[in-house]
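*Asks:* Any chance you could fold what I've pasted below:
(one chain, ligands or ions: 1)
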Amino acid sequence: MRPSTSCFVLCVLVVSASLVVAQDPLPALDPAAADKLSFRNDVQPILKRHCWGCHSAAKPEGGLRLDSVAAMLKGGDSGPLFEPGKPDESALVQMIIGPEPEMPKKQPPLSVAKIQILRHWILAGAKDDSPAAGSPSTIQIPETYLSPPAVTSAALSPDGKLLAAACRSEVVLIDVDAESAPRRLPTESGLLTHVEFNADGTLLAAAGGSPAQYGDVRFFNPADGTVVSGRRIGHDTLFRGNFAPDGKSIAFGGADGAIHIVPLDANAPVRSFDLHSDWILDVAYSPDGTMLISGGRDKATKISSVETGELLRSVDGSTELVSAVAADEQFAVSAGRARTLIGYELKTALSGVGVTGSGNGAQPVTNRDQYVKNFEGQPGEVLDMAFSGDRKLVAVAGDFAEVRVYQIADRQRVATISNVPAPIYSVALNADGTRLALGSKSGQVQVYRLPEGTLLKSVVPVPLAPANQTAL
Ligand code: HEC
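*Replies:* The predicted structure is shown next:
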């Protein structure tokens, strides 16, 4: 345990000299070096690497958060962490020095170089140069755009009449069957990565964040465009996600390799669990809401338990990045750079037991061939995939001028839309799979009727500066 605060000053004065002799002496403080330090570039990476696992919003051990300067000044259960200008009298420094430093708990001590950075930063006044400081919105939504931003995510309301397009930091709502002006909803994300309607179309989630700063999710009422709630999550961008079938929460993949389950109730805590060794690019719920399928930059497709957050099975260690995942009752599906959709038969993969075709009964599932069902190959890298609300159809799009729609039960192609403005970054289906929306890198959105593939709408959602409007 940490010595009581009252003992601190004394302890430091009396003991520090002998402590420093007992271990490698810490180099003297150098005010010139101190002035050059940045919280954002020098200090925050150390705290993130060694401390945030136990001292951030998700898990404030000892009542202490180390994820913002304000939180550090406030301190934990035992009070403030430091007084700017006085590093060696601070609880922060005391906890990380000495022959057996108390923090990081049960982990190797910080290197002298890192300790010096923390000491110097406090010496120089503990200045906060992080852009999220105090977190007023720094997001600027332009009145008009010079060129259309890529549509990074698209969603259709269950009835297919309302289209939501993620355009940089704003969501644009477009009535598919009317010529009414698009409605623009600003968010707190530097770059949006995911938009989705809940199952009855009464709520729209828009998520993303700002790289290496924060993840963010906002919930809108699509009827009137008001913000129902919103919050920042973690310290990095959120990627794609999925509403839980009961609509009470939404799960996202994170740039931190964790899945974040965000309750709609803004006062309920976010649950985060580490599952992947790299960015999780997409997460999807199983229809019964008990499991999550995830995939990402570590090329793995994983199935985990919603209740415990534990990994149930790593169903694939593909050779290529996984950019999209989905699930119906029978299959988890993943797709990505490998130019194919792969179905994983859930029951077999998770029981660990397969029934062989030869009728000899059950045998352990030792390799993926026993539960993998491939769809046909795709013409290029898959960038997005969308299930219909009834989970009968899947639409696939990517780095090629075609969107393909498959029936999940038999993996047969049921529709093809050609000559789309590739690459397509985002694709969406409505509840019964009668409408498909896509968003392109070039900033267009289109809506088609299925299965015929009739074009219903093709627009750039955002207003463009006059010169470019005529150029288009
Ligand atoms: C593995 C988890 C873990 C890690 C990593 C960790 N801590 Fe802690 N820390 C704790 C726990 C638990 C407590 C509560 C007191 C205790 O049990 O020792 C705590 C308490 C503290 C306190 C006292 C808070 C108070 O006001 O009582 C400080 C200061 C502190 N930690 C600093 C750090 C720093 C700095 C780092 C990174 C270099 C760090 N911790 C990393 C688990 C951790």
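
*Asks:* show me what contacts residue 31?
*Replies:* When contacts are counted by C-beta atoms under 8 Å, 6 or more residues apart in numbering, residue 31 touches 123, 124. The way it works is simple: take the backbone N, C-alpha and C, and place the C-beta from them, glycine included.

*Asks:* Next one: it from residue 114, what distance?
*Replies:* Using C-beta to C-beta, to the nearest Å, residue 31 is found at 19 Å from residue 114.

*Asks:* Quick check: residues of the stretch 101-250 of the chain near the ligand?
*Replies:* Proximity of the stretch 101-250 of the chain to the ligand, by C-beta under 6 Å from any ligand atom, involves residues 103, 104, 105, 106, 107, 110.

*Asks:* low-confidence ranges in the chain?
*Replies:* For the chain, applying pLDDT under 70 flags the ranges 1-24, 131-137, 318, 352-366, 467-472.

*Asks:* Pull the contacting residues for residue 29.
*Replies:* For residue 29, the contact set (C-beta under 8 Å, 6+ apart) comprises 87, 119, 120, 123.

*Asks:* export those residues to TSV and tack on secondary structure and neighbour count?
*Replies:* Formatted as TSV, these follow (DSSP: H, G, I helix; E, B strand; the rest coil; neighbours: other C-beta atoms under 10 Å):
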residue	secondary structure	neighbour count
87	helix	23
119	helix	23
120	helix	21
123	helix	20
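
*Asks:* Okay, and which of the residues of the stretch 101-250 of the chain next to the ligand map to strands?
*Replies:* With strands taken from DSSP state E, there is no overlap with these.

*Asks:* Checking my notes, residue 348 in a helix, right?
*Replies:* Yes - with DSSP: H, G, I helix; E, B strand; the rest coil as the criterion, residue 348 is assigned to a helix.

*Asks:* wait, it sits on residue 372?
*Replies:* No - judged on C-beta atoms under 8 Å, residue 348 makes no contact with residue 372 at a distance of 9.5 Å.

*Asks:* where's the closest residue in space to residue 37 that isn't next to it in sequence relative to the ligand, distance?
*Replies:* Spatial nearest neighbour of residue 37, chain neighbours left out: residue 121 (4.9 Å); criterion: C-beta to C-beta, 6 or more residues apart in numbering. In this view, residue 121 and the ligand are 12 Å apart by C-beta to the nearest ligand atom, to the nearest Å.

*Asks:* contacting residues around residue 121?
*Replies:* 34, 37, 39, 42, 43, 127.

*Asks:* Secondary structure class of the fourth one, three-state.
*Replies:* Think residue 42. Recorded secondary structure, residue 42: helix (three-state DSSP).

*Asks:* repeat for the one 4 residues further on
*Replies:* Recorded secondary structure, residue 46: helix (three-state DSSP).

*Asks:* In contact with it, which residues?
*Replies:* Shown in contact with residue 46 (C-beta under 8 Å, 6+ apart): 110, 114, 117, 118.

*Asks:* can you rerun that using 10 Å?
*Replies:* The contact partners of residue 46, taken as C-beta atoms under 10 Å, 6 or more residues apart in numbering, are 66, 96, 110, 111, 113, 114, 115, 117, 118, 121.

*Asks:* out of these, which are inside helices?
*Replies:* Members of the contacts of residue 46 lying in helices (criterion: DSSP state H): 96, 113, 114, 115, 117, 118, 121.

*Asks:* For ChimeraX, write the select line for the buried members of these.
*Replies:* Buried subset of the ones in helices among the contacts of residue 46, written as a ChimeraX selection, criterion 16 or more other C-beta atoms under 10 Å:
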select :96,114,115,117,118,121
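
*Asks:* how deep is the closest residue to residue 203 other than its chain neighbours tucked in, by neighbour count?
*Replies:* Once flanking residues are discounted, residue 203 sits nearest to residue 219: 5.6 Å by C-beta to C-beta, 6+ apart. The tally of other residues near residue 219 (other C-beta atoms under 10 Å) stands at 20.
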